[in-house]
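Student: One predicted model, sequence on top.
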Amino acid sequence: MIRIAVLVSGTGSNLQALLDYEKRGGNPDGCIVLVIADRSCGALDHAAEHRVPALVLDRRTLGKNEFERSLLASLKQHSIDLVVLAGFLTILSEKVTGLYRRRIINIHPSLIPSFCGKGYYGERVHQAALQRGVKVSGATVHLVDEVADGGPILSQQALDVLDDDTPASLGRRILEQVEWKLLPKTVASYCLYMERNMNVSQKLAERRYPGRGIVCGMNDRGKAVIAYFITARSIHSKNRALVAEGDAVRTKAVDESLLVDPSLIIYRAMDRLGDDIVVANGDQSDTILDGLRQGVDLQQSLQSRTFEPDEPNYTPRISALFHLGPDPFYELSILRRSADGSCDRSFHAYSDLRLGEAHLIHTYEGDGNPLPSFTGEPRMVHLRGDAQSIADQMWDALDKEYRVALCVKEVDLTGNEAKLEIRQGVGNGSY
Ligand code: GAR
């Protein structure tokens, strides 16, 4: 369920339309859990009628910086996934739009790119449209980025301008005939899209056999999250558990007597060295950690490694490094076999951390003989909740036949307060 905050400045008829639509069951994937006003306004009454928690962060008294600081704190506190601007008249800075990229929706009462941007709000928009003599106007629902009214358009609907229209009459018709329908419908579609495409459990459930996988990023509480999971097909490979040893997490054989060749299945899956957390699906974790001790970065260290030699699958070696501290970043690496047999080395670094956003890589695209390697770039996923909840969401999403073990580490970006959750056990209980 997508948790929505609606931001308002005015009478709030769009908020009312959103709440009514939700009440009628129109948005099964989303739920308005918070209303924030930047001034005292009529919209707050609609929130109260629907018993939705509301707060006023007075933009004038607080000033822009403090307003945005409090806004971000409230969004974080309520674990908000999606922000809807419904007649919200403060232009948000890059600090907010950057942290909630592709997760802020706005409605504007014109057909963008006409009559939009700074200074175009309320009746001014319609006054400008009538002055220009346009014969149609309408409304636009779009994603918000750092350019006022400039983000990607999600939906638009036009309406005829009448000869005797005044700014007030045109605005009223656009509001009643277009906005009240277009905004709730678009928000509902976007919630469905977010649930389907971005949630970590949805992404994991898309593939029955993803092999081994890594998730790295920041949860909606602003903490670093590093997860590693093992799914396996063969009895030999299923015979594994993840065991914590201090800061490290290692793979161990559950039944030592069944261990035939430990070389590719027994390794340090996760470890920490100062501000760096390393995670990998093989003993390249040691190569990376040795490199870090000598001041060598992940990319350089992995030049000495290739994909695994397990012909015919040639399993990709996947690794990640999360660097904590004042300038946090994470980097993911995939070493996979190309069609010509050479090693394709891809590295993806993310220094622009966003609340609730992470990246997922795994070894296989699915089942098959030979197993098809992961293709393309790391996949963006949303991470909601703490280590325990993320571990549960991921574990539930993994196929019960194939899932073997999973660990999720949640750490303060400062490096303090680490939490580790482990789940394990093969579905059918036997090896
Ligand atoms: C709506 O027409 C909305 O499109 C507009 O404010 C009105 C709010 O009405 N928004 C903008 O002009 C944003 N630039 P409401 O408070 O009754 O929902």
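Tutor: Thanks, I have the structure now.
Student: now the strands for the stretch 151-300 of the chain?
Tutor: With strands called from DSSP state E, counting those that start in this stretch, the stretch 151-300 of the chain shows them at 153-160, 212-218, 224-231, 240-245, 248-253, 268-273, 276-280.
Student: Residue of the stretch 1-150 of the chain nearest the ligand, please.
Tutor: As assessed by CB to the nearest ligand atom, the ligand sits closest to Gly87 within the stretch 1-150 of the chain, at 2.4 Å. Heads up, the C-betas are built off the backbone N, CA and C, glycines and all.
Student: Could I get the contacting residues of that residue?
Tutor: Neighbouring residues of Gly87 by CB atoms under 8 Å, 6 or more residues apart in numbering: 8-15, 43, 107.
Student: Among these, which one has the most neighbours?
Tutor: Taking other CB atoms under 10 Å as the neighbour criterion, Leu15 ranks highest of the contacts of Gly87 with 30 neighbours.
Student: so that residue sits in a helix?
Tutor: Yes - according to DSSP: H, G, I helix; E, B strand; the rest coil, Leu15 belongs to a helix.
Student: what's the spacing between it and Trp180?
Tutor: Going from Leu15 to Trp180 by CB to CB, to the nearest Å gives 10 Å.
Student: and the angle from whichever helix or strand His359 is part of to strand 212-218?
Tutor: Element membership for His359 (DSSP states H and E) is strand 357-362. Going by axes from the mean of the first three to the mean of the last three CA atoms, to 10 degrees, strand 357-362 is angled at 170 degrees with respect to strand 212-218.
Student: How far off centre is the following helix or strand past strand 357-362?
Tutor: Using DSSP H and E, the next helix or strand after strand 357-362 towards the C-terminus is strand 379-382. Distance, stretch centre to chain centre, for strand 379-382: 5 Å (CA atoms, centre = their mean, to the nearest Å).
Student: who in the stretch 51-200 of the chain is up against the ligand?
Tutor: Residues of the stretch 51-200 of the chain found near the ligand (CB under 6 Å from any ligand atom) are 86-87, 107-109, 121-122, 125, 175, 179.
Student: okay if I get the contacts of Gly87 as TSV plus distance to Gln156 and pLDDT?
Tutor: Converted to TSV, the contacts of Gly87 look like this (distance: CB to CB, whole Å; pLDDT from 0 to 100):
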residue	distance to Gln156	pLDDT
Val8	22	98
Ser9	22	96
Gly10	21	95
Thr11	23	96
Gly12	22	96
Ser13	19	97
Asn14	16	98
Leu15	21	98
Ala43	24	96
Ile107	11	97
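Student: and those as TSV, adding distance to Ile361?
Tutor: Formatted as TSV, those follow (distance: CB to CB, whole Å):
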residue	distance to Ile361
Val8	40
Ser9	42
Gly10	45
Thr11	47
Gly12	43
Ser13	45
Asn14	40
Leu15	40
Ala43	43
Ile107	36
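Student: and those, which of them are in helices?
Tutor: Mapping the contacts of Gly87 onto helices (DSSP state H) picks out 13-15, 43.
Student: Of these, which is the nearest to Val136?
Tutor: Using CB to CB, Asn14 comes nearest to Val136 of the ones in helices among the contacts of Gly87, at 20.8 Å.
Student: Tell me who's in contact with the closest one.
Tutor: For Asn14, the contacting residues are 8, 86-87, 107, 175, 179-180, 183, by CB under 8 Å, 6+ apart.
Student: Please apply the same query to Ala227.
Tutor: Ala227 sits next to 213-216, 390-391, 394, 406-409 when contact means CB under 8 Å, 6+ apart.
Student: Give the ChimeraX command for selecting the buried subset of these.
Tutor: Buried subset of the contacts of Ala227, written as a ChimeraX selection, criterion 16 or more other CB atoms under 10 Å:
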select :213,214,215,216,390,391,394,406,407,408,409
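Student: So which of the contacts of Ala227 is the closest to Ser333?
Tutor: Closest to Ser333, out of all of these and judged by CB to CB, is Ile214, at 9.6 Å.
Student: what's the burial count for the closest residue to that closest one other than its chain neighbours?
Tutor: Among residues not flanking Ile214 along the chain, Ala320 sits closest, at 4.9 Å (CB to CB, 6 or more residues apart in numbering). Residues near Ala320, counting by other CB under 10 Å, number 29.
Student: any idea how far Phe347 is from Ala320?
Tutor: From Ala320 to Phe347 the distance is 10 Å (CB to CB).
Student: Mind listing the shared neighbours of these two?
Tutor: Here Ala320 and Phe347 share the contacting residues 331-333, scored by CB under 8 Å, 6+ apart.
Student: out of the residues you listed, who's nearest Leu258?
Tutor: Ranked by distance to Leu258 (CB to CB), these are led by Ser333 at 30.9 Å.
Student: what about stretch 9-21 and the ligand, any contact?
Tutor: Yes - residues of stretch 9-21 contacting the ligand under CB under 6 Å from any ligand atom: 10-14.
Student: Go through the top helix by length along the chain and flag the buried ones.
Tutor: Secondary structure of the chain read by DSSP H shows that its longest helix is helix 180-197. For helix 180-197, a neighbour-count test (16+ other CB under 10 Å) marks 180, 182-191, 194-195 as buried.
Student: angle of it against strand 153-160?
Tutor: 160 degrees.
Student: In terms of secondary structure, what does helix 180-197 contact?
Tutor: Applying 3 or more CB pairs under 8 Å, 6 or more residues apart in numbering; DSSP states H and E, one finds that helix 180-197 contacts strand 2-8, helix 13-23, strand 30-37, strand 82-85, strand 104-108, strand 136-143, strand 153-160, helix 200-205.
Student: is it possible to export the ones you listed to a markdown table including distance to Gln303?
Tutor: Output for those, formatted as a markdown table (distance: least, CB to CB, whole Å):
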| stretch | distance to Gln303 |
| --- | --- |
| strand 2-8 | 42 |
| helix 13-23 | 53 |
| strand 30-37 | 46 |
| strand 82-85 | 41 |
| strand 104-108 | 41 |
| strand 136-143 | 39 |
| strand 153-160 | 43 |
| helix 200-205 | 30 |
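Student: closest one to Asp399 among those?
Tutor: The closest of the helices and strands packed on helix 180-197 to Asp399 is helix 200-205. By CB to CB, the value is 8.3 Å.
Student: any idea what sits nearest Gly30, other than its immediate chain neighbours?
Tutor: Closest to Gly30 by CB to CB, 6+ apart is Cys191, at 3.5 Å.
Student: Next, the contact list for the one you found, please.
Tutor: Residues in contact with Cys191 (CB under 8 Å, 6+ apart) are 2, 4, 27, 29-30, 82.
Student: Can you tell me how far the nearest residue to Val141 once chain neighbours are set aside is from the ligand?
Tutor: In this structure, Val141 finds its nearest non-sequential neighbour in Thr186, 4.3 Å apart by CB to CB, 6+ apart. For Thr186, the distance to the ligand equals 13 Å [CB to the nearest ligand atom, to the nearest Å].
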